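[1] Mind folding the following:
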Amino acid sequence: MKPLQKTIALLFLSLFLSACTLQESQTAIEIRCADFYENPHITNSVEVELGDEFTVSLCSNPSTGFQWIEMADISDPGVLEQVSHEYGGPSENGAPPPPGTPGIQIWRFKTLKEGTSILSFEYSRDWEGGEKGTWTFVLEVNVK
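    Alright, predicted model coming up:
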């Protein structure tokens, strides 16, 4: 194969692979602190494809004593499965942020079958007498 033909073939191959990568959608739902300050009880919906994974990222500030539940409440565990949960601390240009700066908690879910399931999250101070459900997030997930 001549050098020009190789170059053209590689160009088409890279375009094809890029198109394949772009078609694999990664749904990400993110709710910022400002959103919860405006409305402490947020409801949303999303449509995802069977076999996809998606993330839910919610503002969190553990220095306040509040935290989101680790395991999301899943109305139909046959439709969705929680894969992971982690805290992502804030950072500013690689330098540590000031104390008390909020970060995010991130949940990853995968779809198991077509249907609808409701995810519920609650932001509370868990100790006895602590504030419960100060913020809530409910997500209706339709798997197609």
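[2] Remind me what the strand or helix carrying D35 packs against, helices and strands.
    In this assignment (DSSP states H and E), D35 forms part of helix 33-38. For helix 33-38, the packing partners by 3 or more Cβ pairs under 8 Å, 6 or more residues apart in numbering; DSSP states H and E come out as strand 53-60. (C-beta placed from N, C-alpha, C; glycine too.)
[3] For the helix or strand following the strand it packs on, which strands pair with it and how are they oriented?
    Next in sequence after strand 53-60, counting helices and strands by DSSP H and E, comes strand 67-68. As defined by DSSP bridges, the strand partners of strand 67-68 come to strand 115-124 (antiparallel).
[4] Taking strand 53-60 as reference, get the angle to the partner strand.
    Angle, strand 115-124 to strand 53-60, by axes from the mean of the first three to the mean of the last three Cα atoms, to 10 degrees: 20 degrees.
[5] what separates the next helix or strand after strand 115-124 from the chain centre, distance-wise?
    Using DSSP H and E, the helix or strand that directly follows strand 115-124 along the chain is strand 135-143. The chain centre lies 11 Å from the centre of strand 135-143; the measure is Cα atoms, centre = their mean, to the nearest Å.
[6] who does strand 135-143 touch, helix- and strand-wise?
    Against strand 135-143 (3+ Cβ pairs under 8 Å, 6+ apart) you get strand 41-48, strand 53-60, strand 103-111, strand 115-124.
[7] on that earlier part again, enumerate the positions of the helix holding D35 that are buried.
    F36 (16 or more other Cβ atoms under 10 Å).
[8] Rebuild the helices and strands packed on strand 135-143 as TSV, extending it with mean neighbour count and distance to V138.
    Formatted as TSV, these follow (neighbours: other Cβ atoms under 10 Å; distance: least, Cβ to Cβ, whole Å):
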stretch	mean neighbour count	distance to V138
strand 41-48	14	5
strand 53-60	20	11
strand 103-111	19	13
strand 115-124	18	5
